[in-house]
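K.L.:
got a sequence here, can you build the structure:
(chains A and B)
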Number of protein chains: 2
Amino acid sequence: MSKVKLGIVGFGQQGGAYANFIKEGRISNMEIGAICDSDPKKQKVATDAFPEVPFYHDYIEMLESGDVDAIVTCVPHYVHPEMGIEALKRDIHALLEKPAGVYTKQVKELNAFAASKPNLTYAIMFNQRTNPLYQKVKELIDDGEIGAIRRTNWIITTWWRPQGYYDAGSWRATWDGEGGGVLVNQAPHQIDLLQWIGGMPEKVYTKAQYGYQRDIPVEDDVTTIFDYGNGATGVFITCTHDVVGTDRLEILGDKGKITVDDSKKVTIKRLNKPEQEMSDTMSMEDVKKIFQGEGPRGIYQEEVVEFESVWGGQHVAVLENFAANILEDVPLIAPGSDGIHGVELANAMHLSSWLNEEVSLPIDENKYTEELAKRRNQEKRVRG
Amino acid sequence: MSKVKLGIVGFGQQGGAYANFIKEGRISNMEIGAICDSDPKKQKVATDAFPEVPFYHDYIEMLESGDVDAIVTCVPHYVHPEMGIEALKRDIHALLEKPAGVYTKQVKELNAFAASKPNLTYAIMFNQRTNPLYQKVKELIDDGEIGAIRRTNWIITTWWRPQGYYDAGSWRATWDGEGGGVLVNQAPHQIDLLQWIGGMPEKVYTKAQYGYQRDIPVEDDVTTIFDYGNGATGVFITCTHDVVGTDRLEILGDKGKITVDDSKKVTIKRLNKPEQEMSDTMSMEDVKKIFQGEGPRGIYQEEVVEFESVWGGQHVAVLENFAANILEDVPLIAPGSDGIHGVELANAMHLSSWLNEEVSLPIDENKYTEELAKRRNQEKRVRG
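P.N.:
Below you'll find the predicted structure:
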């Protein structure tokens, strides 16, 4: 095949956007194989816009139709793993929307199944990984440019959502529909980037506020402390009620510091010598100058790199990369199996906040699903 | 009297600096009444520099000499409360160095005693409160310019200290000598400012690293989450091993946001209407634009105010204000009784990190002193 025939499952906002990207010719190695949505109202919308594309109500039927080589799952998070498995089972490649699932148990099942199908392409829509800025930051860290990490700190509150957004879909921001709020819908990108760049923590403590500034049962405000196990720590803050959102990532290493402002500007401060060496050799005279407000001078070199971001470009890049992996074995930017890390972190944050205690990774999965089930059941009772 | 005769207790770095400020005529309403230090070697240093000033080894003797109207306590933190009481007992005004003490129990005793002496001046060296920048920030918050606080976030890692600093004094950065590390020696200023501006939290969770990057038994790295009790939260981060220190305070309110960079630049973003109202009235069309990367436009007015800071000026201002309160009843910038808040917060942070659980304020004081005693005793055994 010269182009991958993509089956778009779920014709909502995201599915519609992907269909348009392909229609506009922005993805050179892909065409729309079929569109699927269980909502009867979506059929007309889809066939009006894409009259030549087959439409299915049942995704299994679509998988078995011969119309598609691959699927992308633009459906509620809970069903991502199941759909992934059903596709791979039928030798159909699978691109999962993020998050990979709601809880690690189901994602592990999918990962295990995918591992049994090594010839198929299994990827996840971590479009932010194609962002040249974060690729640069990862490269700097991997190359040891600022040495061993001592602290990470990300305030990412640019995920503002008004009440109308939540009211527009009954599944939105519910335990039963999404399995959480900002942690499972908006912030998974940064949760993935943070672990992609800085590694997984060993322990997590989270203070989350549920329905703090929005009329929703799930979290709209989260503050987390990571413990990386070697003394290094991290803070991750996100919320959906900060209309003048902050996006500021800072990573302190023993050889320097990286600061990212607004996902646009990277400031790299490389120490002339490792901090430990400075600590060991600094004279009391030098120290006195610091006390007198002069601060330490001439101790680092600063580099600033500015980036521009293009709306949608990153999604296009992931779709293109997914198809290129299918067609030509080009390495995946975001292998599907990577999706579990973000799910594990989001689960750990929820669980820590529910128990109000620090939790160790891997978390107690049964405890997590048990606590989640409580919330899903309670919500159903409330909603009648 | 036209000038307050100050007794400087402890002729180390800080005591020496205050003596020089007075000698240089920078404090118009103060003169040096006497200098006191229990270290015999300090006598020559003091009398060489200030030959006309009486020197005492014993501070009680100085208090009873008639040479001084007031004292400032530039001595180890543990003895601040005791010295305060002894001075006030003899009708000598007292200016405490920060922190007011190591644990709240002793500070409460001092506060209770001071309350029984309402005609005496009892103040604390929170020199940062005289900083026009933080006065401006407090004024903005008090005036409701950004509405009710939803989040505070202060990364204050400009307290870099090399190992040589710690090695220069055997009492430094020990449980028995100081009662802690960065929380009791360097960061009390910001801890006080944060509670002065944003109020006291109801609960505290802290992850602290002890001897992480320095060879000390106490904390050199701290991350704290505040819970203000009404859904609002805060984060406070400090350490002594970040040589390219960060100083960034952000306060989110329901009508805007204040960001302070490097204690020099204040950026105020005032929303055109309260966030809740925006959330309630924003149309889905507007929301879509936000999704497409345009972000919310024209929703706030920005104001930037820059400040310059003068080394030493703030200490001078507190000394001047202290004397002016004694002489002319000018209101105190930092009443001594305010010192307890910072001590309570530092105690809560220690206790939370020791127990690895969130603690509620007021903390269990007995538990705190018990846990502190363990660490003091252990340290003595290690040091022999």
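K.L.:
how does chain A divide into domains?
P.N.:
A:4-125+A:312-336, A:129-309+A:342-383 (automatic domain parsing).
K.L.:
in JSON lines, list these along with mean neighbour count and distance to residue B:210.
P.N.:
Just so you know, the C-beta spots here come from the backbone N, C-alpha and C atoms, and that holds for glycine as well. Converted to JSON lines, those look like this (neighbours: other Cβ atoms under 10 Å in any protein chain shown; distance: least, Cβ to Cβ, whole Å):
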{"stretch": "domain A:4-125+A:312-336", "mean neighbour count": "20", "distance to residue B:210": "32"}
{"stretch": "domain A:129-309+A:342-383", "mean neighbour count": "19", "distance to residue B:210": "10"}
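K.L.:
chain B is nearest to which of the ones you listed?
P.N.:
Across those, chain B has its closest neighbour in domain A:129-309+A:342-383 (3.9 Å, Cβ to the nearest Cβ).
K.L.:
average pLDDT for that closest one?
P.N.:
Mean per-residue pLDDT for domain A:129-309+A:342-383: 93.
K.L.:
follow-up on the earlier one: out of the domains of chain A, which gets nearest to residue B:250?
P.N.:
Nearest to residue B:250, of all the domains of chain A, is domain A:129-309+A:342-383, at 6.4 Å by Cβ to Cβ.
K.L.:
how far away from the center of its chain is that closest one?
P.N.:
From the chain centre to the centre of domain A:129-309+A:342-383 is a distance of 12 Å (Cα atoms, centre = their mean, to the nearest Å).
K.L.:
and for stretch A:44-55?
P.N.:
In this view, stretch A:44-55 has its centroid 30 Å away from the chain centroid, taken as Cα atoms, centre = their mean.
K.L.:
how about the helices in the stretch 1-150 of chain A?
P.N.:
With DSSP state H, counting those that start in this stretch as the definition, the stretch 1-150 of chain A shows helices at residue ranges A:13-23, A:41-49, A:59-63, A:80-89, A:104-115, A:132-142.
K.L.:
so can I have JSON lines of the domains of chain A showing distance to residue B:33?
P.N.:
As requested, these are arranged in JSON lines below (distance: least, Cβ to Cβ, whole Å):
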{"stretch": "domain A:4-125+A:312-336", "distance to residue B:33": "68"}
{"stretch": "domain A:129-309+A:342-383", "distance to residue B:33": "26"}
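K.L.:
about what we covered before: same list (the helices of the stretch 1-150 of chain A) but as JSON lines, adding distance to chain B.
P.N.:
Putting the helices of the stretch 1-150 of chain A into JSON lines (distance: least, Cβ to the nearest Cβ, whole Å) gives the following:
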{"stretch": "helix A:13-23", "distance to chain B": "8"}
{"stretch": "helix A:41-49", "distance to chain B": "16"}
{"stretch": "helix A:59-63", "distance to chain B": "25"}
{"stretch": "helix A:80-89", "distance to chain B": "21"}
{"stretch": "helix A:104-115", "distance to chain B": "24"}
{"stretch": "helix A:132-142", "distance to chain B": "15"}
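K.L.:
identify the residues contacting the longest helix along chain A?
P.N.:
Secondary structure of chain A per DSSP state H: the longest helix is helix A:365-383. Here helix A:365-383 makes contact (Cβ atoms under 8 Å, 6 or more residues apart in numbering or on different chains) with A:102-105, A:174-176, A:179, A:217, A:347, A:350-351, A:354-355.
K.L.:
where does the closest residue to residue A:278 other than its chain neighbours land in three-state SS?
P.N.:
Setting aside the residues directly before and after it, residue A:278 is nearest to residue B:243 in space (Cβ to Cβ, 6 or more residues apart in numbering or on different chains), at 5.9 Å. Look at residue B:243: counting by DSSP: H, G, I helix; E, B strand; the rest coil, its state is coil.
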